[in-house]
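Q: quick one, fold the following:
(chains A, B and C)
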Amino acid sequence: MTLSALLLRALVVLLVLAGVGYALPSWMQFMLTMAMANGLVSLGIVLLMRGGVVAFGQGLMSAIGGYAAALVFLNWGITDAVLLALLGGISAMLITAPFAPLLARYRGIFFSMLTLALSMVGYGLLVKTESLGGSDGFNMGRVTLFGHALADDEVRFGLYATTLVLTLVSAVLARIYFLSSRGLVTRAVRDNELRVEYLGGSVSQTMSLNFVLAAFLGGMGGALAVMVLGHIDPNFSYWTTSGEFVFVAILAGSQSVVAVMLSSLVLEMVRSFSSAYFPNTWQLALGIFLLLVIRFMPLGLGSLWSKTENPSEKQS
Amino acid sequence: MITTLARRALTASVLALLSHNAFAQETFKIGIVSFLSGQAAESFGIPAVNGAKVLVDAFNKGQAPAPYNKPGIGGMPIEVIYVDEAGGATKQVQELRNLYERDKVDVVVGYVGSGDCLAVAPVAEELKKFLILYDCGTPRIFEDNTFRYVFRTAAHATMDNVSMARYLKARNIPVKTFNLINQDYAWGQDSRKDFILSMTNLYPDAKAGVDQLPKFGAGQYGTEISALMSQPADLVHSSLWGGDLQAFVLQAGPRGLFKKSQVVLTAGDHVLPGLGEKMPDGTILGARGAYGLMAPPSPLNPWFWDLYSKANNVYPVQAPYRMAQALMGLKLAAEKAMAANKGKKPSTEVLAASLRGSEWMSPGGKIRMALSNGQQAIQDSAIGRTQWDATKKMVVLNDIQRFDAECVNPPLNVKSEDWLKSGFAGAKCDAKPAAAAKAADKKPAK
Amino acid sequence: MNLALTIAIDGVTYASWLFIVALGLTLVFGVLKILNIAHGSFYALGAYVTATLVSLAASWALPPAMSLVAMLLAAVLVAVLVAPLTERGLLRFFYGRDEVLLVLVTYAMFLMMEDLTKLIWGANPFYVSEPYGMFGNIDIGNQTYVGYDFMLVALALVVGLGVWWGLNRTRFGKIVTAVIHSAEVASSMGIQVSRVYMLAFAVGIFLAALGGAFTAPMLSVQPGLSVGVIIISFAVVIIGGLGSIEGAAIGALIVGLARALAVHVWPVAELFSVYLVMALVLMFRPQGLFQRIQARKI
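A: Residues are numbered from 1 along each chain as shown, chains lettered A, B, ... in the order given. Predicted coordinates:
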């Protein structure tokens, strides 16, 4: 697909979703906004998954982005939603950048466990930090949009639209990145690292870059989530939160960016309805859903409509 | 055959129409959120929900004693939706929105976890919907924010540790050194801080010794117990609860910790029915209010005690009491508002004005919405000492002492931490003599 | 009393408990290459079944020593009834998939088992604490210890040696080792790999349930039991090296002693001492301390 076709498609999607979102009841707008914010975090995981590693530490990235956005809001008076989202992404990126080359050396289960361990260390630090509210976290006020204060009936849609725009921009950029030379080298790394090195590519640089980009997406997703929720706590960094992001990424598969957002929405909906209809057994319902997805969607939702990749490749 | 079938179908549809009409009657919809799974379920969530179930049932049948004897709320039947609080604050924010906007509840009563309370309160406020926090402990809700539509119908956690320290002083229990063991998260950290500050006020020469902060949910305390016993102190303070507290008692008891030091458990009453004989005698504990075996004499308590015990085969401990006082306060406030509104359901604004600053009797004593612009309750608390009663086959509480609400809660417009640091400035405690050893007129559980 | 001795005793008793609980996890990973998040759920299941059996034994007025037999029986029951069901009925469909995918499958299992145990046993706590007092108290210096904790040390030794002997000195053990090294080659040699998987999984589950069974007297058996052990078991097996029994033992000792040290000397650090050790080991020796060297396929 050419760049202009991609942009046109994105524009159409933006208008359609914005229109649809405007008409939805407030609780659905909220759910969609959260789905997109979480989808961004999972997009970071997909980025890394294309390189063959599964990161269980994206929760930490979203926590860093979220806490950064909330603290900047409270202490430095920066209230613009877009600015805060970008700040969240940048702060996660800056904190990760020194460690990226180190982390890029690990693979498989060890990478996953290392990121999980680091995410839990982050959790522990946040719980112990009483000035940040400890395990209870703290609240954040209402954001503004380009200098305009959001009234009570504007805030839901305002945040929805902001998240929608940022998500689409990230999606387009991600797609461009996947098809760039670095993105293609990432795919090669997943298949066979040794050959990539022999052919002159740098596995370490590629994976480090992926890691940093994933951190940016995670941080931005976390910042958006905090703005929508109005509250942040250390649970953002807990391993089960990261596990849910990973699940969404696996459900989506590594073919399609749209699938990531859809999967995120599916998870939100299943969680919400399990909770409503099975208040005592929602975990059972969720577990069964997870199993069915993993069993019957081996390449993720994206494989339903994407045929750009070789179906006989190693399953994700 | 066809005619039978047709007849059945007709009957069914008529019945459906009739029942639809019956439910077409307006109901007062309450969303109740508490822990139905996870570690807080067994100790706080499920007992509270059980309390809600029997109470709502009694309310709907008009069987509660005065002034709660009107059926339903002002004649309107109460309909309840139960939601599990497990899953984290993020999920709870979503669930709250669903309750108000999708399920169209009139009021939400909920939340045990302080983190959840802090997260959901601003949401209710933003939506201009009515929210009652019935259980969570952190003082931060109203000290860090102002709300119009969010209420807490129970005293916050500062009361627990102040009461405990005052009990020790009133009983002249010597404390030169004290050790602490609390869970390492906001609840445990705050309890520990509150207790240390309270002790500084009442026992200025006492020194804090071993200060253990095990992980929440650790379950294995062998090492911590060794640490507590290798530097034994006069007192061991703990705000442990639920499964962690049960494990701690089971592991520390046989090792003699309870004999070497006086153990005080600020929120410990809920483990008594289960632990029974395993709870060492002489343990001083609180219930975060005058609840259960320590409830004050009133016509409400024996009624509630029986109502709960019959349905659940166990006597009510703190959680169902707190739920009861929330629902009772809500019922009275709503009925008062409806009376002024020709029996129609009150708006959030009117309901809030009705509950604000009100007071009512509950099975745990009088509840007064006295702090934070009339939106934060204060209530009396009680501390007692355990003893296994072999004939009744249950743990009873002796040496019960109740403390006036204004003695153990901060006064109006003073932040809890400041109040503790000021040496309880403004507290109104008359020197109450040691209360009678038997507490109130409740019947012992079978 | 000598602080070092207290730390050593606390470290060793805690490590023994950890070892029993974590051994099954490392075994299952070594053979089936599955990092089983639901390990904690099987542990909880062992505790629940123990609670049921021990109270049955008490109601039949059997002598107290029978409660130990009941605990063993509980673990066996869980292994015999639940393990084949899980392995054949669920895990089998996911073999050959990515390791991380299997982790998510076990996470789904964990969610399901949480609610299933709650449905079967309810939310009320069970107490099965009579066995805890069976071994009396032991006074060392001015500390009183419960004899039961030392019995666990003995149990850990027995279990560890038993598994080691089973793997290294029996014919079946050699077959399992072959499968660990390469399932493909073992299969082409005529070994029924699926049967090995099932039996190895059953043993892993048995060990998890055994851990739960013998822990039950120390605490109240209630929902939420499984969550406490998952992360700490992970830490132990990661530190020791996935798939290695000696590694699990050393990992347990390291975690136990580190924790004992933190609790006695610097309690503030206790919360993340375990994660920190885990992260450090992963950074400097990711295969753990005892992981077998695996040939990398080009």
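
Q: give the helix, strand or coil label for residue 44.
A: Chain wasn't specified; assuming chain A. What DSSP: H, G, I helix; E, B strand; the rest coil gives for residue A:44 is helix.

Q: from what I see, it and residue A:57 are in contact.
A: No: look at residue A:44 against residue A:57 with Cβ atoms under 8 Å: they stay out of range, at 10.1 Å. Bear in mind the C-beta positions are built from the backbone N, C-alpha and C, glycine included.

Q: give me the number of residues near residue 166?
A: The chain I'm using is chain A. 22 (other Cβ atoms under 10 Å in any protein chain shown).

Q: wrong one, I was asking about chain B
A: 23.

Q: that one: which element?
A: Using DSSP states H and E, residue B:166 falls within helix B:158-170.

Q: give me the next element, helix or strand, following that helix.
A: Criterion used, DSSP H and E; the element after helix B:158-170 is strand B:177-181.

Q: just checking, what packs against the next helix or strand after that next one?
A: Using DSSP H and E, the helix or strand that directly follows strand B:177-181 along the chain is helix B:186-202. In terms of contacts (3 or more Cβ pairs under 8 Å, 6 or more residues apart in numbering or on different chains; DSSP states H and E), helix B:186-202 is packed against helix B:114-127, helix B:158-170, strand B:177-181, strand B:207-212, helix B:416-421.

Q: mean confidence for helix B:186-202?
A: The pLDDT scores in helix B:186-202 average 94.

Q: what angle do strand B:207-212 and it make with each other?
A: 170 degrees (axes from the mean of the first three to the mean of the last three Cα atoms, to 10 degrees).

Q: what sits against the closest residue to residue A:257 other than its chain neighbours?
A: Excluding the flanking residues, the one nearest residue A:257 by Cβ to Cβ, 6 or more residues apart in numbering or on different chains is residue A:171, at 4.5 Å. Going by Cβ atoms under 8 Å, 6 or more residues apart in numbering or on different chains, residue A:171 touches A:10, A:43, A:257-258, A:261.

Q: take the residues you listed and write them to JSON lines, including secondary structure, pLDDT and neighbour count.
A: Compiled in JSON lines, the contacts of residue A:171 are given as follows (DSSP: H, G, I helix; E, B strand; the rest coil; pLDDT from 0 to 100; neighbours: other Cβ atoms under 10 Å in any protein chain shown):
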{"residue": "A:10", "secondary structure": "helix", "pLDDT": "86", "neighbour count": "15"}
{"residue": "A:43", "secondary structure": "helix", "pLDDT": "94", "neighbour count": "28"}
{"residue": "A:257", "secondary structure": "helix", "pLDDT": "82", "neighbour count": "24"}
{"residue": "A:258", "secondary structure": "helix", "pLDDT": "84", "neighbour count": "18"}
{"residue": "A:261", "secondary structure": "helix", "pLDDT": "89", "neighbour count": "26"}
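
Q: which one among the residues you listed gets closest to chain C?
A: residue A:43 (17.2 Å; Cβ to the nearest Cβ).

Q: ok, the closest one - contacts?
A: Here residue A:43 is in contact with A:170-171, A:174, A:217, A:221, A:249, A:257, A:260 (Cβ under 8 Å, 6+ apart).

Q: flag the least confident of these.
A: For the contacts of residue A:43, the pLDDT minimum is residue A:257, 82.

Q: any idea how far it is from chain B?
A: 23 Å (Cβ to the nearest Cβ, to the nearest Å).

Q: test my guess that that residue contacts residue A:173.
A: No: under the criterion of Cβ under 8 Å, residue A:257 makes no contact with residue A:173, lying 9.6 Å away.

Q: pull up the residues of chain B that are close to chain A.
A: Counting by Cβ under 8 Å from any Cβ of the partner chain, the residues of chain B close to chain A are B:36-37, B:82-84, B:87-91, B:93-95, B:97-98, B:100-103, B:114-115, B:118-119, B:122-123, B:126-128, B:138, B:140, B:144-145, B:184-187, B:189, B:216.

Q: can you rerun that using 6 Å?
A: Within chain B, the positions lying close to chain A (Cβ under 6 Å from any Cβ of the partner chain) are B:36, B:82, B:84, B:88-89, B:93, B:97-98, B:101-102, B:114-115, B:118-119, B:122, B:185-186, B:189.

Q: A strand includes residue A:88, no?
A: No: with three-state DSSP as the criterion, residue A:88 is located in helix rather than a strand.

Q: what score does it have for pLDDT?
A: Taking residue A:88 on its own, its pLDDT is 95.

Q: what residues are up against it?
A: A:65, A:68-69, A:219-220, A:222-223 (Cβ atoms under 6 Å, 6 or more residues apart in numbering or on different chains).

Q: excluding residues flanking it in the chain, which one is nearest it?
A: residue A:223 (2.5 Å).

Q: ramachandran angles for that neighbour?
A: phi -60, psi -40 (degrees, to the nearest 10).
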